[in-house]
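Asker: Sharing a model prediction with you, sequence too.
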Amino acid sequence: MADQPYVITCGDEGVQINFGRRLAFLGAGLKLDGFPELVKGLKKIFGQDLAVVSSSENDWVKQQFSLSTWEQTDAIVQQQTELMADELGLKYAGFLPFTDPRQLKHEVKGHMVRPRNVHIANTVCFTLAGGEQTFHLGHFVISGEWVSSVKLQLARQLIKTQVEFYTKISGQAKLDIVFETEGELGKDLAAKNQKIIEKILAAV
């Protein structure tokens with residue numbers, strides 16, 4: 001498998017993992033319906049040793065917890081992501097701030113790189129075969145490696161929620177969609193996952 005740890009993060013376009021293979025989910029999966037069920041599948045695909053990190057200025061967490069400031073949000077996202085990690089058997093690696101790349105626990109290294117208080121993304125990139133292989137500047141990122149291994153209803157729910165939220169915070173009428181097909185899981189699985197995601201998005 002990968003020569004770097006797989007790490008669950010938010011798909012915010014500011015998240016940059018300098019060491020670790022990013023599996024991106026809205027809010028790093030926090031308060032994302034269906035995510036606890038999905039983690040079981042992720043462990044079967046990527047192994048039991050999955051890390052998770054929280055990140056600064058998390059719009060999804062701010063909304064889900066009805067918070068009014070980024071200071072509150074940054075505090076809550078760290079606390080709640082660590083609790084979620086304990087509940088789901090994930091390794092909490094730490095928090096990504098707006099600083100130089102920071103060394104976190106479990107070999108993960110990263111930081112936030114977009115401008116503060118603004119989203120610059122106009123594209124969603126789905127990773128299909130082993131997490132983010134190259135940093136997608138200006139892209140929201142969503143992990144799609146798992147879609148062919150779960151029921152279509154769950155895949156549809158998780159994909160739709162994430163794409164709709166990123167579209168909303170971007171201020172765009174519609175986001176462009178691209179796919180990253182490289183990765184340790186191979187081209188055949190990537191093609192299978194892409195076909196399912198395209199079918200889901202065609203109905204959104």
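Answerer: Nice, thanks for sending it over.
Asker: what's near enough to touch residue 151?
Answerer: Applying Cβ atoms under 8 Å, 6 or more residues apart in numbering to residue 151 gives no contacts. Every residue, glycine included, has its C-beta placed from N, CA and C.
Asker: go on, residue 157?
Answerer: With Cβ under 8 Å, 6+ apart as the criterion, the residues that contact residue 157 are 33, 34.
Asker: one more time with 10 Å, if that's ok
Answerer: By Cβ atoms under 10 Å, 6 or more residues apart in numbering, the contact list for residue 157 reads 32, 33, 34, 150, 151, 200.
Asker: Surely residue 82 forms part of a helix?
Answerer: Yes. Residue state for residue 82 (DSSP: H, G, I helix; E, B strand; the rest coil) corresponds to a helix.
Asker: and residue 23, what helix or strand is that in?
Answerer: When elements are assigned from DSSP states H and E, residue 23 belongs to strand 21-24.
Asker: helices and strands around that strand, which ones?
Answerer: Helices and strands touching strand 21-24, as assessed by 3 or more Cβ pairs under 10 Å, 6 or more residues apart in numbering; DSSP states H and E, comprise strand 6-9, strand 15-19, helix 35-46, strand 51-55, strand 123-127, strand 139-143.
Asker: neighbours around residue 153, how many?
Answerer: For residue 153, the count of nearby residues is 9 (other Cβ atoms under 10 Å).
Asker: All the helices of the chain, residue numbers only.
Answerer: Under the criterion DSSP state H, the chain contains helices at 35-46, 59-64, 70-88, 152-170, 187-202.
Asker: Show me the one of the helices and strands packed on strand 21-24 that comes nearest residue 90.
Answerer: Nearest to residue 90, of all the helices and strands packed on strand 21-24, is strand 51-55, at 4.5 Å by Cβ to Cβ.
Asker: for that closest one, the distance to its chain's centre please.
Answerer: From the chain centre to the centre of strand 51-55 is a distance of 9 Å (Cα atoms, centre = their mean, to the nearest Å).
Asker: which secondary structure elements does it contact?
Answerer: Contact here means 3+ Cβ pairs under 10 Å, 6+ apart; on that basis strand 51-55 packs against strand 6-9, strand 15-19, strand 21-24, helix 70-88, strand 91-96, strand 109-112.
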